[in-house]
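[1] structure, please.
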Amino acid sequence: MSQHASTDLVELISSMKNPLLCTASGDSPAGVYKNIVDNVNKKGLDISDWSFVGLDEWVGMNGGDEGSCRFYLNQQLFDPLKIPSDKISFFDGKTEDLNQECENVEDFITKHQGIDAAILGLGMNGHIGMNEPGTSASSRSHVIDLDPITQKVGQKYFKQHRELKQGITIGLATLMESRHIFLLVSGSHKAEIVKQMLESEISERMPCTLLRDHPQLRIYLDTAAAKLINPA
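    Residues are numbered from 1 along each chain as shown. Have a look, this model is predicted:
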């Protein structure tokens, strides 16, 4: 899954000038980042003109907090590739003015004429980023109260229990304006939500279904995540 996705992504992005990638943290996209790092280090892939915007972050955390979204992306992508700080826009969940933080991220995206490729995962409740069920399809970057499922599942990223009450995330409207979307889902525990994503009515009640309206959506599943899909 990761190999196919990274090959397609690199082929796509390599033809663009000054591309902007939106990067999600989580288990499913991790293999893609590893492959990109390998492409740079072993095959000489030139990413000097690539820029990055982080998808989301836990409110109250930033890259200095082990388990934060920025912490994982620093480990998996930004640090190994030595990405300059001016090439990265990422929510700081510790800032006093979270609304200004949202504006800063949106301004960065606008400055780059939009997101060229968004690398996304899929939440157990159908969320995309931290756009929880019921989030408006017209939303831009915003602060949101987290669904109990997200609060529970999010504990896996931390060595000790953390209070996960709110998140800050790029909104659905901004994501849907991305030129290309790469959705990666792995693991048998995601099989049911994958089935619902593909078969349920398109609705804000399940944000992932909105992606089906995107003209350049690519979905990458491993065998376990795809096990409930009807091949017909």
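
[2] residues near the residue nearest to Ala24 when sequence neighbours are not counted, how many?
    Spatial nearest neighbour of Ala24, chain neighbours left out: Leu55 (4.4 Å); criterion: C-beta to C-beta, 6 or more residues apart in numbering. (Glycine included, C-beta is placed from N, CA and C.) Around Leu55 there are 27 other residues, counting by other C-beta atoms under 10 Å.

[3] next one: Leu55 from Gly123, what distance?
    Leu55 sits 12 Å away from Gly123 when distances are taken as C-beta to C-beta, to the nearest Å.

[4] what's the answer for Thr95, then?
    Per C-beta to C-beta, Thr95 is found 24 Å from Gly123.

[5] so the two - more neighbours on which side?
    Gly123 (24 against 14).

[6] secondary structure element for the spatially closest residue to that one that is not a sequence neighbour?
    Nearest residue to Gly123 in three dimensions, chain neighbours excluded: Thr150, at 6.4 Å (C-beta to C-beta, 6+ apart). Assigned by DSSP states H and E, Thr150 belongs to helix 148-153.

[7] in that helix, which residues are buried?
    For helix 148-153, burial by neighbour count (16 or more other C-beta atoms under 10 Å) applies to 150-151, 153.

[8] hang on, the earlier thing: hang on, isn't the residue nearest to Gly123 packed against Gly126?
    No - judged on C-beta atoms under 8 Å, Thr150 makes no contact with Gly126 at a distance of 10.6 Å.

[9] contacts only, for the residue nearest to Gly123.
    123-125, 127, 130, 132, 164, 167 (C-beta atoms under 8 Å, 6 or more residues apart in numbering).

[10] what is the nearest of the residues you listed to Pro29?
    Gly123 (13.0 Å; C-beta to C-beta).

[11] quick check: phi and psi at that closest one.
    Dihedral angles of Gly123 (phi, psi; degrees, to the nearest 10) stand at phi -80, psi 160.

[12] confirm for me that it is in contact with Val153.
    Yes - if you go by C-beta under 8 Å, Gly123 and Val153 touch, sitting 7.4 Å apart.

[13] output the below-cut-off pLDDT ranges for the protein.
    Applying pLDDT under 70 to the chain flags residues 232.

[14] tell me where it has helices.
    2-13, 27-43, 69-73, 79-81, 98-111, 148-153, 172-176, 191-199 (DSSP state H).

[15] for Gly167, give its distance to Ala30.
    19 Å.

[16] between the two, tell me which one has more neighbours.
    Between Gly167 and Ala30, counted using other C-beta under 10 Å, Gly167 has the larger neighbour count: 28 against 20.

[17] need the contact list for that one.
    Going by C-beta under 8 Å, 6+ apart, Gly167 touches 56-59, 93, 129-130, 143-144, 146, 150.

[18] now it. Nearest residue, chain neighbours left out?
    Met130 is the one closest to Gly167 (C-beta to C-beta, 6+ apart), at 3.4 Å.

[19] which residues does that neighbour contact?
    56, 144, 146, 150, 167-169.

[20] distance check, it against Thr223.
    As judged by C-beta to C-beta, Met130 and Thr223 stand 28 Å apart.

[21] do Glu96 as well
    In terms of C-beta to C-beta, Glu96 sits 46 Å off from Thr223.
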